[in-house]
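A.B. asks: any chance you could fold what I've pasted below:
(2 chains)
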Amino acid sequence: MQRLRPGPVAAVGAIALLALLVPLFGLDNPLHMDIAHRLARPTLAHPLGQDAYGRDVLSRLLWGARVSLAVASSSSLLACLFGTALGLAGGFLRGPVEFVALRGMDVVLCFPPLLLALLVVTLLGPGAATLIPVLAVLYLPGFVRVVYAGVLSVRNQDYVEAMRSLGAGRLRIMLGTILPNVGGPVLVQLSLAAASAVVLESGLSFLGLGVVPPAPSWGLMIGEARATMLQAPLLLLWPCLALSVTILALNALCDALRDAVDPHGITRGRRRAALLERLAPGLLPQPGPALELVGLTIAIDTPAGPIHPVRDVSLRVMPHETLALVGESGSGKSLTGLATMGLLPPVARVAGGAAWIDGRDVLRLDEAALRRLRGATVAMIFQDPLSSLNPVQRIATQIGEAIEAHGASGARAAWRRAVELLRHVGIPDPERRAHNFPHEMSGGMRQRAMIAMAIANQPRLLIADEPTTALDVTIQAQVLDLLATLRRESGMALVFITHSLPVVAEIADRVAVMYAGEIVEQGRVAEVFARPLHPYTAALLASVPREDASLPEPIPGTVPPPYALPPGCAFAPRCRLARADCASGTLPLTEVMAERLTRCRRWSELA
Amino acid sequence: MLFVLKRIGVSVLLVWVVATIVFLAIRMVPGDPAAILLSQGGVAPDPAAVAALRVQLGLNQPLGLQYVEDMRRLLVGNLGQSLQDQTPVAGEILRRLPRTLELIGAAAVLAVLVGLPAGLVAAMRRGGTFDRIASWLAAAALAVPVFVVGTLMVAIFAQGLHWAPAGGYVSFARHPLRHLVLLAMPAATIAVGLAAILFRMTRAAVLDVSMRDYIRTARAKGVAPRRILARHVLRNALMPIVTVLALNLGSLLGGTVLVEYVFNWPGLSGLLVDAVNARDYPEVQGVVLVISVLFVALNLVVDLLYALLDPRVRHG
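C.D. replies: Modelled structure (predicted):
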């Protein structure tokens, strides 16, 4: 749970406190009539004047708060109590209890809320005693659903199973493990129910069907003031204001609770600073490479200052060449790929370095120039083809869009070309498949379609971000074959981002190993795999299951997060060769042999 | 097709459950329902009148028989007679229903015209001046209950500025212009809150869709921003927006009660309030039933619309 914003809590608390303390204020009796002074203007004794029956308006306003809040809080608390119990029982006991709990709530939701309240009021007559149970029933479904969903999500988790095997009773499991887990959402529901109850109560009272006169209630006061609107418009204003401010505070509390409970809550991004802080490194690359990264550094601004998930990444990819960018998750390899496309997520920004494509630094291009580049000169395919394809567009439309975006061809020509591309990437019966939606295709076929989309404009550089991770092994091999074939045919350069060393061995010419945001080793695949020059590469190779049946050795420890990097070499805390001097100073990526680069002082000790 | 049939089946089932609950509600009240309906302010009602009402409502027969009889009547569209003037309830409902629907329709059009574009612009310029002002306004609009908006509108535009009459109704056939003038204020009243909800939903949905992988794919293809917005963002954001709109239109079916009361609009809800006040159970029962059926039907339409918008649902 994140921090709760204090403002709304304080506001609701203040209103509740005010309502609680009303009897101590020594106000006039809110029911005391004084017909002689009806609609009297404000005086010292009656600061807000008197109403149509000569009753003190201020007193009625404050006592009205008590009524409104009492109805709202007791009905929402009742709903919370019963709803939580019902949701727990339904989720945990299953069977008929589950059916009754869930379907029963569907039935309650069949009635528009105000209508159900009116139906009951007809039968039982108006009054707070009728109102509270009716409102409680109305808000029951929200609680039941939230709690039920919470129970479902934890019911099969290991620790619940563990407790059960330890002999803990069902009731204890329910109360001990599940309730704390659903506490946040229930609190959100509670605030929603309370806010809605205030609205409904006032509405019914306004109609004369809620709180019975002469008891003070904001809804009633507004209703009564309507009759004397012309003579005393202020009489209308005060209860309207009190009601609206209360609802505003409750709504704000709902939002604040929701933000605090929801882990996917929107992080409030500060305004992005200028795209680049540092000036260009100045060195123009030699002509030739399809992509040259020079000292790429990416920053994410956090409240505690910027963190750098990618630091000083330099690499070069020639046409016809495949470079594998390999590393554990969190090593910064995907961010590097996205930065090259100018597609960094809004929270991240390029803090330094250059990315040369076609003699231009794409990190310094404006959005319009980037758009012309993307999908034409550089293309990218992503890890999950299902989420990366628009679910409501046909596949050939999506491929055709890539063609239309960079050429003058019309929709019909683009469709024909898309069908051709589908055939080219090995999709059987492409004319028919072109009409498919993404969900109608298999995972392998979707990834082929993504590839067709990427190569639609014959790019010079293709960046593939874990394109086979979501696929099973045989499909994986087919997709790798397809990419290798396409690269051979077209002469494009391929940057292949992956965490899988066997895949690297299969597809890449050269490999760059990333660790904690830095490249730690670079070289030809065969040489690097035969003789790693960085302890991390060696450890990574040792962690892969091998054919000689010797046990893989996991790397001890975990990758340090970018906000807690150790000083000196980032790998030192996990390195078996580490010495005292590894934990200080910065290490450059150094060419220690022909075309072999490493970021380690002790590379020669690796045998 | 199977999906459609299944959804229709569920809806029919729900309507039956609603009808059963409305049937049971009056009979589950402790004591004699007829006596309760006739009692006014604690005065014991005339026993002869109670007995007559019991016969009229069929309460003197066994429960099972009453139920079968009730369902049979409902099937042929007979909602019973009003206790106040013995006229058929169905006829009165049929006369008033179009007025309520017109009110809701006009409010929905107004709300969509304001809320949708505002939400879109706010999402595109997130954190900007427009976003902040509009978000603040929406929060304020959501905090003011609909009957307060209506009452204040009457106070300002009718009583204060004399721009429009305080309320009333003239049929379109008799006086087209006056009809629209009278429609404007109640429709605008409902539209205030609805537009705020739509604004929030549109803003959230557009922001959510903008972060999806397929939008990144579209950008990676080099598609122009305007086209991304129209073809990818809006199309996908429309689904949650349609849901929210429909759900709110559904609760408006019952929620226009307050607005119709404030503006003296002789719709279905006004009938309901009068019936509740007069404890005219057959009439209340009829209105609740009709609105609930419309509510269920609306949910059905939304589900089918969903299938139209999202090809994934059709196969689900």
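A.B. asks: residues in the stretch 51-200 of chain B within reach of chain A, list them.
C.D. replies: Residues of the stretch 51-200 of chain B lying close to chain A (Cβ under 8 Å from any Cβ of the partner chain) are B:127, B:139-140, B:142-148, B:151-152, B:154-155, B:159. For glycine as for every other residue, the C-beta is placed from the backbone atoms N, C-alpha and C.
A.B. asks: which of those sits closest to residue A:459?
C.D. replies: residue B:127 (34.1 Å; Cβ to Cβ).
A.B. asks: list just the nearest of the residues of the stretch 51-200 of chain B next to chain A to residue A:483.
C.D. replies: Taking Cβ to Cβ as the measure, residue A:483 sits nearest to residue B:127 out of those, at 40.0 Å.
A.B. asks: follow-up on the earlier one: what is the nearest of the residues of the stretch 51-200 of chain B next to chain A to chain A?
C.D. replies: Of all those, chain A sits closest to residue B:143, with 3.5 Å by Cβ to the nearest Cβ.
A.B. asks: burial check on the closest one, number of neighbours?
C.D. replies: Residue B:143 has 22 neighbouring residues, counting by other Cβ atoms under 10 Å in any protein chain shown.
A.B. asks: what helix or strand is the residue lying closest to it once chain neighbours are set aside located in?
C.D. replies: Nearest residue to residue B:143 in three dimensions, chain neighbours excluded: residue A:248, at 3.5 Å (Cβ to Cβ, 6 or more residues apart in numbering or on different chains). Following DSSP states H and E, one finds residue A:248 within helix A:233-261.
A.B. asks: any idea of the mean pLDDT in that helix?
C.D. replies: Looking at helix A:233-261 alone, the average pLDDT works out to 85.
A.B. asks: same for it, what does it pack against?
C.D. replies: helix A:6-21, helix A:57-93, helix A:179-206, helix A:218-227, helix B:129-143, helix B:146-153 (3 or more Cβ pairs under 8 Å, 6 or more residues apart in numbering or on different chains; DSSP states H and E).
A.B. asks: mean pLDDT and distance to residue A:257 added to those helices, as TSV?
C.D. replies: Converted to TSV, those look like this (pLDDT from 0 to 100; distance: least, Cβ to Cβ, whole Å):
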stretch	mean pLDDT	distance to residue A:257
helix A:6-21	86	8
helix A:57-93	87	13
helix A:179-206	83	5
helix A:218-227	85	24
helix B:129-143	90	15
helix B:146-153	87	24
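A.B. asks: where's residue A:184 relative to residue A:239, distance?
C.D. replies: Distance of residue A:184 to residue A:239, given as Cβ to Cβ, to the nearest Å: 34 Å.
A.B. asks: just residue B:183 next, same as before
C.D. replies: Counting by Cβ to Cβ, the gap from residue B:183 to residue A:239 is 28 Å.
A.B. asks: list the contacts of stretch A:557-564.
C.D. replies: Residues outside stretch A:557-564 that contact it (Cβ atoms under 8 Å, 6 or more residues apart in numbering or on different chains): A:300, A:302, A:304, A:307-309, A:328-332, A:515-517, A:566, A:570, A:573-574.
A.B. asks: residue A:6: neighbouring residues, count only.
C.D. replies: Other residues within reach of residue A:6, judged by other Cβ under 10 Å, total 10.
A.B. asks: who's more crowded, residue A:184 and residue A:239?
C.D. replies: Set side by side, residue A:184 and residue A:239 show more neighbours around residue A:239, with 28 against 18, by other Cβ under 10 Å.
A.B. asks: so who does the residue nearest to the more buried one when sequence neighbours are not counted touch?
C.D. replies: Ranked by Cβ to Cβ, 6+ apart and with sequence neighbours excluded, the top spatial neighbour of residue A:239 is residue A:221, at 4.0 Å. Contacts of residue A:221 were listed using Cβ under 8 Å, 6+ apart, and they are A:51, A:60, A:61, A:64, A:235, A:238, A:239.
A.B. asks: what is the nearest of those to chain B?
C.D. replies: Nearest to chain B among the contacts of residue A:221, with distances taken as Cβ to the nearest Cβ, is residue A:239, at 8.5 Å.
A.B. asks: my read: that closest one touches residue A:64, true?
C.D. replies: Yes. When contacts are counted by Cβ atoms under 8 Å, residue A:239 is listed as touching residue A:64 (6.9 Å).
A.B. asks: overlap in contacts of the two?
C.D. replies: A:218, A:221.
A.B. asks: mind listing what residue 215 touches?
C.D. replies: Since no chain was named, I'll use chain A. A:31, A:67, A:128.
A.B. asks: that's the wrong chain, I meant chain B
C.D. replies: Contacts of residue B:215 by Cβ under 8 Å, 6+ apart are B:209, B:228, B:232, B:233.
A.B. asks: how about residue B:147?
C.D. replies: A:202, A:203, A:206, A:219, A:222, B:258, B:259, B:261, B:262.
A.B. asks: re the thing from before, just the buried members of the contacts of stretch A:557-564?
C.D. replies: Buried residues within the contacts of stretch A:557-564, counting neighbours by 16 or more other Cβ atoms under 10 Å in any protein chain shown: A:300, A:307-309, A:328, A:330-332, A:515-517, A:570, A:574.
A.B. asks: where does chain B have its least confident helix or strand?
C.D. replies: Ranked by mean pLDDT, DSSP states H and E, the weakest helix or strand in chain B is helix B:311-314, scoring a mean of 67.
A.B. asks: including distance to chain B and neighbour count, could the contacts of residue A:215 go into a markdown table?
C.D. replies: Output for these, formatted as a markdown table (distance: Cβ to the nearest Cβ, whole Å; neighbours: other Cβ atoms under 10 Å in any protein chain shown):
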| residue | distance to chain B | neighbour count |
| --- | --- | --- |
| A:31 | 19 | 15 |
| A:67 | 16 | 24 |
| A:128 | 17 | 18 |
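A.B. asks: would you state the helices of the stretch 51-200 of chain B in chain order?
C.D. replies: Applying DSSP state H, counting those that start in this stretch to the stretch 51-200 of chain B gives helices spanning B:63-75, B:89-124, B:129-143, B:146-153, B:176-210.
A.B. asks: can you report phi and psi for the closest residue in space to residue B:83 that isn't next to it in sequence?
C.D. replies: What sits nearest to residue B:83 in space, not counting adjacent residues and going by Cβ to Cβ, 6+ apart, is residue B:280, at 4.5 Å. The phi/psi pair for residue B:280 (degrees, to the nearest 10) reads phi -90, psi 90.
A.B. asks: this completes my enquiry, with thanks.
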